[in-house]
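K.L.:
heads up, no residue letters with this:
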């Protein structure tokens, strides 16, 4: 993996990971694995499958739709109330359609165009914010109630 990983030791309140990923499609499975490992390591209560899917969408969008070859950054924060995932990229332009529901539906015959729709539909909240070096695009997932957690 390109880049360094920073893991802050888990506390009663939260834990977080930050990792630089290459600006290539190879970053997608690495990001999915990091989220899966983070949620499993702490026996976290957010839905791991959904977290992986939405993380893959954010990373794939950053790789496909942003200029430059510098690394992108994945930030995963686990909290008692759920998880927060951000992808930082060097392009300051906001992601089209992430926070504006009601735009035209994706073409069912095209391979792409569903990522932001999935993020809006499956997360408890999502958005983007400017950073010093570009932008961060994020989503949150709530903790699952105890009766819905995997055994």
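P.N.:
Received the coordinates, thanks. Bear in mind the structure is a predicted one, so any value in this text is a computation, not a measurement.

K.L.:
closest to the centroid, which residue in the chain?
P.N.:
Of all residues in the chain, the one closest to the mean position by C-alpha atoms, centre = their mean is residue 55, 3.3 Å from it.

K.L.:
low-confidence bits of this structure, can you list those?
P.N.:
Counting by pLDDT under 70, the chain shows low-confidence ranges at 1-13, 41-44, 97-114, 146-151.

K.L.:
please, where are all the helices along it?
P.N.:
Assigned by DSSP state H, the helices in the chain fall at 27-41, 48-65, 115-122.

K.L.:
correct me, but residue 65 touches residue 95?
P.N.:
Yes. The criterion here is C-beta atoms under 8 Å, and residue 65 meets it with residue 95 at 7.3 Å. In this view, the C-beta of every residue, glycine as well, is placed from N, C-alpha and C.

K.L.:
and the two? Which one has more around it.
P.N.:
Taking other C-beta atoms under 10 Å, residue 65 and residue 95 do not tie; residue 95 has more neighbours (22 against 14).

K.L.:
how much space between that one and residue 37?
P.N.:
According to C-beta to C-beta, to the nearest Å, residue 95 stands 26 Å off from residue 37.

K.L.:
how far off centre is stretch 78-98?
P.N.:
Stretch 78-98 has its C-alpha centroid displaced from the chain centroid by 6 Å (C-alpha atoms, centre = their mean, to the nearest Å).

K.L.:
how about stretch 23-38?
P.N.:
From the chain centre to the centre of stretch 23-38 is a distance of 10 Å (C-alpha atoms, centre = their mean).

K.L.:
list the contacts of that stretch.
P.N.:
1, 5, 15, 17, 19, 21, 44, 48, 51-52, 55-56, 58-60, 62-63, 66, 68-72, 74, 76, 78, 85, 87 (C-beta atoms under 8 Å, 6 or more residues apart in numbering).

K.L.:
list the buried residues of it.
P.N.:
Counting neighbours by 16 or more other C-beta atoms under 10 Å, one finds that the buried residues in stretch 23-38 are 23, 27-28, 30-32, 34-35, 38.

K.L.:
and for stretch 117-130?
P.N.:
Neighbour-count burial for stretch 117-130, counted by 16+ other C-beta under 10 Å, picks out 117, 119-120, 122-123, 126-128.

K.L.:
number of nearby residues for residue 92?
P.N.:
Neighbour count for residue 92, taken as other C-beta under 10 Å: 12.
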